[in-house]
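[1] predicted model, plus sequence, below.
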Amino acid sequence: MLELFEIAEKLVEKPKGILAADESMPTIEKRFSRLGIENTPQNRLSYRQLLFTTPEIEKYISGVILFDETVFQENEEGILLHDILAQRGITPGVKVDEGKIDAPGSPTEKITQGLNNLSERLTKYKAHGMHFTKWRAVTLISENTPTPQVLKENATALAEFAYVSQEHGMVPIVEPEVLMDGKHDINKCEEVSTHTLTEVFSALEKRGVALNGMLLKTNFVVSGRDFQAKDEVSDVVQKTIGVLNKTVPHDVPGIVFLSGGLAPELATLYLCEVNRQADLPWQLSFSYGRALQAPAMEAWAKDRENIKPAQEAFLKRARLNAMARMGEYTYEEETNG
Ligand code: 13P
């Protein structure tokens, strides 16, 4: 059996990254309905099976984060979807938070829930072949948020989740996400990301989480979606690296970025540029949902009988992000198949 640090290192092994395919029911409903796909168990199964069976994907994808339902789903031949992954050398993991509720006293902010029965659920997931877990907490930037209490509460829950996950022999992916919602500038995102990650690592250390047996999943430092101007790539890179250097201990083996609503090409470009910075103490990789899946889902929505164009679109984004994490992506690659 692999030790925690070995699983963590395998997940960020060069040149690979992690596919986030753990959309909750409301999220997959949103993604499917926009494209006219009915949100049924069969459609979720067919779509995710299409991703997991894409030829050659194991060259670029080290692990997949699953949603609870997918952990127990089988294909027509009675093969569990996560066994398809494992047979290809791809490590399966699972999202274990149970979504968000309004924060008491500050209802525009959200607190992530799921600690109550976490231990029992982890025992079950471990028995079903899951090797890692994920928990996401969000930070909303607005005039009155984030509040220090909510930042602290989410950080404490992330640390508790990470501790319990390690006790069960599963690597926690600790995901504090500063949302892109809003019209704030990049400096505000830099300040709030610093604050968020400082709280998270303080809570992790206090709880005694083994930093070499976890991964951090975080956002690039960017301006809000409704900010009036586009970010300079150099600014994103410098601020993202600056925040990570200030807040993330060197014992953490890897940082994987979320795409958070960035266009797929931009998520790939930012990943490449941060990896071109010399002498970073951690592996910097990807754990994208939308930025890996969006073109594939669109292709599948157009022709559900023919999965090939969707698989090609997924393979392309996986390959380009693998190049990016090696610092080898150029925009010309977008037009090369
Ligand atoms: P996005 O890359 O679409 O932000 O998804 C990553 C994720 O896992 C969010 O929890």
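    Good, I have the coordinates.
[2] what about M1, neighbour count?
    6 (other Cβ atoms under 10 Å). Quick note: C-beta positions are derived from backbone N, CA and C, even for glycine.
[3] the residue nearest to it when sequence neighbours are not counted: neighbour count?
    Excluding the flanking residues, the one nearest M1 by Cβ to Cβ, 6 or more residues apart in numbering is G169, at 7.4 Å. Number of residues near G169 (other Cβ under 10 Å) recorded here: 16.
[4] also L115?
    L115, neighbours per other Cβ under 10 Å, totals 16.
[5] for it, grab phi and psi.
    Main-chain dihedrals, L115, degrees, to the nearest 10: phi -80, psi -30.
[6] related to what we said a few turns ago, list the contacts of the residue nearest to M1.
    G169 sits next to M1, L4, K126 when contact means Cβ atoms under 8 Å, 6 or more residues apart in numbering.
[7] now do I65
    I18, L19, A20, A21, D22, G93, V94, K95, F132, K134, I173, S287.
[8] switch the cut-off to 10 Å
    18-23, 92-96, 130, 132-134, 136, 173, 175, 217, 287, 289 (Cβ atoms under 10 Å, 6 or more residues apart in numbering).
[9] so the residue nearest to M1, which state does it fall into?
    Here G169 is coil, with the state taken from DSSP: H, G, I helix; E, B strand; the rest coil.
[10] could you see whether the ligand lies near the helix or strand containing A322?
    Using DSSP states H and E, A322 sits within helix 308-325. No. Shown here: helix 308-325 not in contact with the ligand (Cβ under 6 Å from any ligand atom), separated by at least 10.8 Å.
[11] buried set for that helix?
    310-311, 313-325 (16 or more other Cβ atoms under 10 Å).
[12] cool, and stretch 204-211?
    L204, R207, V209, A210, L211.
[13] again, but for stretch 8-25
    8-12, 15-24.
[14] pull up the gap between the residue of the chain found nearest the ligand and P172, please.
    Proximity of the chain to the ligand (Cβ to the nearest ligand atom) peaks at G289, 2.7 Å away. Between G289 and P172 the distance is 18 Å, computed by Cβ to Cβ, to the nearest Å.
[15] contacting residues for E74?
    Neighbours of E74 in contact, by Cβ under 10 Å, 6+ apart: L45, Q49, L80, L81, H82, D83, I84.
[16] farthest-apart pair in those, please.
    L45 and D83 (13.9 Å; Cβ to Cβ).
[17] any residues of the stretch 1-150 of the chain in contact with the ligand? List them.
    A20, R136.
[18] all strands of the stretch 1-150 of the chain, in order?
    Assigned strands in the stretch 1-150 of the chain, in chain order: 17-21, 61-66, 91-95, 100-103, 106-112, 132-139 (criterion: DSSP state E, counting those that start in this stretch).
[19] okay, which residue is most central for this protein?
    S287 (4.0 Å; Cα atoms, centre = their mean).
[20] what about it, is that helix, strand or coil?
    Going by three-state DSSP: S287 is strand.
[21] give me the low-pLDDT residue ranges for this structure?
    337 (pLDDT under 70).
[22] could you identify the longest helix within it?
    Criterion DSSP state H: the longest helix present in the chain is helix 186-207.
[23] helix or strand next in line after that helix, which one?
    strand 215-218.
[24] which elements pack onto the very next helix or strand once past that next one?
    Downstream of strand 215-218, the next assigned helix or strand under DSSP H and E is helix 233-247. On a contact count with 3 or more Cβ pairs under 10 Å, 6 or more residues apart in numbering; DSSP states H and E, helix 233-247 meets helix 186-207, strand 215-218, strand 254-257, helix 264-275, strand 283-288.
[25] so can I have TSV of these showing distance to L179?
    Listed next are the helices and strands packed on helix 233-247 as TSV, based on distance: least, Cβ to Cβ, whole Å:
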stretch	distance to L179
helix 186-207	10
strand 215-218	12
strand 254-257	14
helix 264-275	15
strand 283-288	16
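[26] can you say which of those is nearest to M180?
    Nearest of the helices and strands packed on helix 233-247 (Cβ to Cβ): helix 186-207, 8.2 Å.
[27] quick one: the closest one to strand 132-139, angle?
    130 degrees (axes from the mean of the first three to the mean of the last three Cα atoms, to 10 degrees).
[28] got the angle for the helix holding A322 vs strand 283-288?
    160 degrees.
[29] name the helices or strands packed onto helix 308-325?
    Using 3+ Cβ pairs under 10 Å, 6+ apart, helix 308-325 sits against strand 17-21, helix 41-52, strand 61-66, strand 254-257, helix 264-275, strand 283-288, helix 290-302.
[30] starting at the chain centroid, how far to that helix?
    16 Å (Cα atoms, centre = their mean, to the nearest Å).
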